[in-house]
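Trainee: fold the following and give me the result.
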Amino acid sequence: MRARSGHIKFDKKVKWKNLVSSFRPLFLKFLEETQQLPEDMESVDVLIEENLRDLRNNRKPEGYNREGLMRMIFPISNQVEFYLYGRGKTIEVARVTEQLSRILQKYRLKHTIEWDRLKVLADKKEA
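Mentor: So this is what the prediction gives:
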């Protein structure tokens, strides 16, 4: 499957704080699968802790919006959701999104996956 973005939308009952236990494995899997895991794990631990602090306070986390092939973005919205956006191979976005979905299933976090739902990308395709 080819996709530029994979959107994970959680059930209405899921709150940000429900993601606390799954976030570390989810984030590490994202970095590992996208080959963005730095050698210096200390910086990763700081980034994870900053995101966990937000989640514990039931707030939207920062995610991973760094320069790279793929990003994990938590959009500003009233819903608990995030999406992966890739600038490289479109097949990778689908594969990584599915991998992260499996982790969420292990933690029994009800969610759905939608593909290519970014308005900016949709506009570019139509042009």
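
Trainee: avg pLDDT for stretch 109-118?
Mentor: Here stretch 109-118 scores 93 as its mean pLDDT.

Trainee: quick one, phi/psi of G63?
Mentor: phi 80, psi -150 (degrees, to the nearest 10).

Trainee: repeat that for the one 10 residues further on.
Mentor: Torsion angles at I73 (phi, psi; degrees, to the nearest 10) stand at phi -120, psi 130.

Trainee: how about L28?
Mentor: phi -60, psi -40.

Trainee: start and end of stretch 62-82, how far apart?
Mentor: 10 Å (C-alpha to C-alpha, to the nearest Å).

Trainee: what sits up against that stretch?
Mentor: 7-10, 14-16, 18-19, 27, 30-31, 34-36, 47, 50-51, 54, 60-61, 83-88, 92-93, 96 (C-beta atoms under 8 Å, 6 or more residues apart in numbering). To be clear about C-beta, it is placed using only N, CA and C from the backbone, and glycine gets the same treatment.
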